[in-house]
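Peer 1: compute the structure for the input listed below.
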Amino acid sequence: LNAITYMFAGMSMPATMAMSGFTAGTLMLAYSCVSTYYSGELIGLLCKRFPEADSYPKLFGLSVKKGMLHTASSKQATWYGEAAVFACVVLQFLAYYFDTIAQLLYVAQYFDQLVPSSQVNICQWLWLIITFFLALPLLLVPGFSESRWIAVPTFAGLVVMVGVFVAEIATTAPWKCRPGPHYARPTAYSVFLSLSAFAYAFGGHGMFPEMIREMRRPNDFSKVLKWTYLFIMVTYVVCSYLGYWAYGSGVDANINLSWPENGMNYLSICIQLGTTYVCIYLTNAVLLLNLERGMPRLGATKQRRFAFRAAFLALQTLIGLLLLGGSGDIILALQSLSGAIGMSALTYFLPFLMYWWCFPHEMTRNRVLWFGFNIAMGVLIMVGGVTSSLADIIDNSGGIFSGYCHLPYKYSKKCDFN
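Peer 2: Numbering: from 1, shown residues only. Alright, predicted model coming up:
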């Protein structure tokens, strides 16, 4: 359930499909489902063969060390393995650090969207500070195994949210409009940018080794992955095609703005607020648990652990205040950067690279072609996504206490596809 809660990005899939277009979007969705499921199984298999690998960086380091033993001395292989651990720690840290900031900003903006300024005039930056204090109780949860009780109601909320998605489209009946939604031809640039959005949508793999570490029955991971992907693939297909068909290229990245201002819409926003609130913990848990394991003094007592986690979250909130811009696009840029920096690597190509490096004798000709294609795609997504998302962040950053006090939310009216 933790994996589903973190991975799920169904509400943004219509905009991702509109950005890529039907043909490219279909190919990328199908490819991502197959490729990332396969890479998840590879991570599970690698964790079985390296049972001491209790984190993604350690798994990568052990894989590099084993691979280097084919051509280098034991001392050199150990050095390369340690360097790989450090590189992966940086990669994982940046990916989930920026993603946590995005989750903080999401919660703040959902509060801003739910509470009319005419009733309570609280600016976005103040909502962000309030979000920090509201998130502090989550820091008392020790690890993933204990957070399963949070994941159960969150998963139920996701099911309701998808139900609201279908119900809003059914009740507004956009297919009856004249003229109906338009489907603009995507440009090569928009298709390219959509790749990092797909990477983010399938980017839960960076926490798989940590989840396996805390499972009571680690050998059941393959079964867990199958159920996770069954839910993810079904909901992504429904949200992608139904949303794109209903609203065309005019679909908003914030899907709630494509719907009228009604009770179902507010229910969806409330559920998304709750989900992103939980994700503040899930995205940070990978980083916090690894830091606490590497530096045991940080978590020596409950009080010290809480103080460390609170200071860690406070710094992320401060960065969120510095990045909070007037256009509202900063969240999408942060997610794109998170997907490009770490999730494309941790999901799309490092699992293939690790397995190929460790077990070259198991590589058939077809496997070499399949693994090579995934590695090349992952690198392409990573390089292109980092470049475009950094440019977006620079363009949209506002600075502390600057930017709009409130984002200009304008809900859709019937047959409004602009």
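Peer 1: so which bits of the strand or helix carrying I280 are buried?
Peer 2: Taking DSSP states H and E as the criterion, I280 maps to helix 263-294. Within helix 263-294, the residues scored as buried using 16 or more other Cβ atoms under 10 Å are 264-265, 267-269, 271-292. For glycine as for every other residue, the C-beta is placed from the backbone atoms N, C-alpha and C.
Peer 1: and stretch 51-59, by the same measure?
Peer 2: So stretch 51-59, judged by 16+ other Cβ under 10 Å, has buried residues A53, D54, S55, Y56, P57, K58, L59.
Peer 1: just the residues you listed: which has the poorest pLDDT?
Peer 2: Lowest-confidence member of these: D54, scoring 82 (pLDDT).
Peer 1: the residue lying closest to that one once chain neighbours are set aside: neighbouring residues, count only.
Peer 2: Excluding the flanking residues, the one nearest D54 by Cβ to Cβ, 6 or more residues apart in numbering is R213, at 4.3 Å. Residues contacting R213 under the criterion other Cβ atoms under 10 Å number 19.
Peer 1: R213 against K58, yeah?
Peer 2: No: using Cβ atoms under 8 Å as the test, R213 is too far from K58 to be in contact (9.8 Å).
Peer 1: distance to E41 and secondary structure for the buried residues of stretch 51-59 - can I get that in CSV?
Peer 2: Listed next are those as CSV, based on distance: Cβ to Cβ, whole Å; DSSP: H, G, I helix; E, B strand; the rest coil:
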residue, distance to E41, secondary structure
A53, 16, coil
D54, 19, coil
S55, 19, coil
Y56, 15, helix
P57, 20, helix
K58, 19, helix
L59, 14, helix
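Peer 1: just put those residues in a markdown table and tack on distance to L195.
Peer 2: Supplementary listing: those in a markdown table, determined by distance: Cβ to Cβ, whole Å:
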| residue | distance to L195 |
| --- | --- |
| A53 | 29 |
| D54 | 31 |
| S55 | 27 |
| Y56 | 22 |
| P57 | 25 |
| K58 | 29 |
| L59 | 25 |
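Peer 1: nearest to Q124, of these?
Peer 2: Y56 (33.2 Å; Cβ to Cβ).
Peer 1: contacts only, for that closest one.
Peer 2: C88, Q92, G206, M207, F208, P209, E210, V286, L346 (Cβ atoms under 8 Å, 6 or more residues apart in numbering).
Peer 1: that older thread, other SSEs contacting the helix holding I280?
Peer 2: With contacts defined as 3 or more Cβ pairs under 8 Å, 6 or more residues apart in numbering; DSSP states H and E, helix 263-294 has these neighbours: helix 2-7, helix 74-114, helix 124-135, helix 148-172, helix 208-214, helix 302-323.
Peer 1: mind running it again at 6 Å?
Peer 2: helix 74-114, helix 148-172 (3 or more Cβ pairs under 6 Å, 6 or more residues apart in numbering; DSSP states H and E).
Peer 1: show me what the first one is packed against.
Peer 2: Just to be clear, that refers to helix 74-114. Under the contact criterion of 3+ Cβ pairs under 6 Å, 6+ apart, helix 74-114 touches helix 56-68, helix 124-135, helix 263-294, helix 302-323, helix 330-338.
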